[in-house]
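Asker: Provide a 3D model corresponding to the input given below.
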Amino acid sequence: MTSTQAEIDLSYSVSNEFFALWLDKNMHYTSAWYERDDMTLEEAQEAKAQRLYRFAELGPDKTVLDIGSGWGSAIDVVSRLGIRHATGITLSTEQLAWCHARKLPNATFLLQDYHTYEPAVPFDGLISVEMIDHLCSPAQARQGLAVDLYRAYFNRLATWVRPGACFGFQAILRNRIPRARKDLEDLAFTADVIFPGGLNPRIEEIVQAVTPHWEIEELHMLRKDYGRTTGEWLRRLRLNEGTIRAQWGDRVYDDYDRYLDTCVRAFANHWSGDVEIKLRRI
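Answerer: Residues are numbered from 1 along each chain as shown. The predicted structure is shown next:
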């Protein structure tokens, strides 16, 4: 991991109760998939996780690893759809505590860096939702190391499954660079203050990096979906402004309001995107 555990904790451990005020009820902190225009945030997040379940070709007799399992949201859906056993790994101590408190059946959660993780036996499938942005720093990208770092990630994951196994993968993308100074400052603030140490990949970097061990079978862009998702997060955050300022202070509220407002503009203006991919182990 390029992002350190301290940086991960800074990004995700303001307070579990804080995030619960504006995320969906299942605590997905990633793009939803609005399969239908009339979906609520909760329904769209469920649809997203169900598609990842299908992409990984999971079932009641299968095992799965979730790399960057967050608050256990995807594993909750996987557990309800049917799984023999699910394992989630995270570097966030607060998220791990939340996962343990959920007491999900047939699930194990570990405080673990993927780079040092060694499964006892191969998994039947993998899922990972917007974790890859923690693998390459802006400085490393400027040195031309991004594709090599992402390829090392996909190569390592390939050793954890048998040939033919599938991987439900999702990632935030960086696309265009804005021209206005304020927009550039807001994006830099989001990267430096909210998510220090990481960088969103470009779609062409992912396509390069999955070779030679993975084949792309399906690819779906979710830029509009993430714009709608972050817009709903911002709406819910603002509905809870008084509570947030009273419990966590003005700085936390102002920072997250700026961050989410920047996200909405980023997806609307093609500065950022999101992708969901079905990969198969060659």
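
Asker: Just to check, residue 280 is in contact with residue 169?
Answerer: No - taking contacts as C-beta atoms under 8 Å, residue 280 lies outside contact range of residue 169: 11.1 Å. (Glycine included, C-beta is placed from N, CA and C.)

Asker: Between these two, which is the more surrounded one?
Answerer: For residue 280 versus residue 169, neighbours defined as other C-beta atoms under 10 Å are more numerous around residue 169 (28 against 18).

Asker: nearest residue to that one other than its sequence neighbours?
Answerer: Once flanking residues are discounted, residue 169 sits nearest to residue 277: 4.7 Å by C-beta to C-beta, 6 or more residues apart in numbering.

Asker: got it, and residue 263?
Answerer: residue 230 (4.0 Å).

Asker: now residue 34
Answerer: residue 44 (4.6 Å).

Asker: before we move on, what about residue 150?
Answerer: Per C-beta to C-beta, 6+ apart, closest to residue 150 is residue 209, 3.6 Å.

Asker: Show the contacting residues for the one you found.
Answerer: Counting by C-beta atoms under 8 Å, 6 or more residues apart in numbering, residue 209 touches 147, 150-151, 153-154, 201.

Asker: Residue 247 is in contact with residue 14, correct?
Answerer: No - with contact defined as C-beta under 8 Å, residue 14 and residue 247 do not form a contacting pair (10.4 Å).

Asker: of those two, who's got more company?
Answerer: residue 14 (17 against 14).

Asker: how close does the more buried one get to residue 101?
Answerer: 17 Å (C-beta to C-beta, to the nearest Å).

Asker: just residue 188 next, same as before
Answerer: Applying C-beta to C-beta, the value for residue 188 to residue 101 is 35 Å.

Asker: likewise residue 147?
Answerer: 39 Å.

Asker: The two - which one has more neighbours?
Answerer: The residue with more neighbours, out of residue 147 and residue 101, is residue 147; 18 against 11, by other C-beta under 10 Å.

Asker: so how far is the strand or helix carrying the more buried one from its chain's centroid?
Answerer: Residue 147 belongs to helix 146-158 when elements are defined using DSSP states H and E. Computed by C-alpha atoms, centre = their mean, to the nearest Å, the chain-centroid distance of helix 146-158 equals 17 Å.

Asker: With stretch 95-103 instead?
Answerer: With C-alpha atoms, centre = their mean, you get 17 Å for stretch 95-103.

Asker: So for that stretch, mean pLDDT?
Answerer: On average, the pLDDT along stretch 95-103 is 94.
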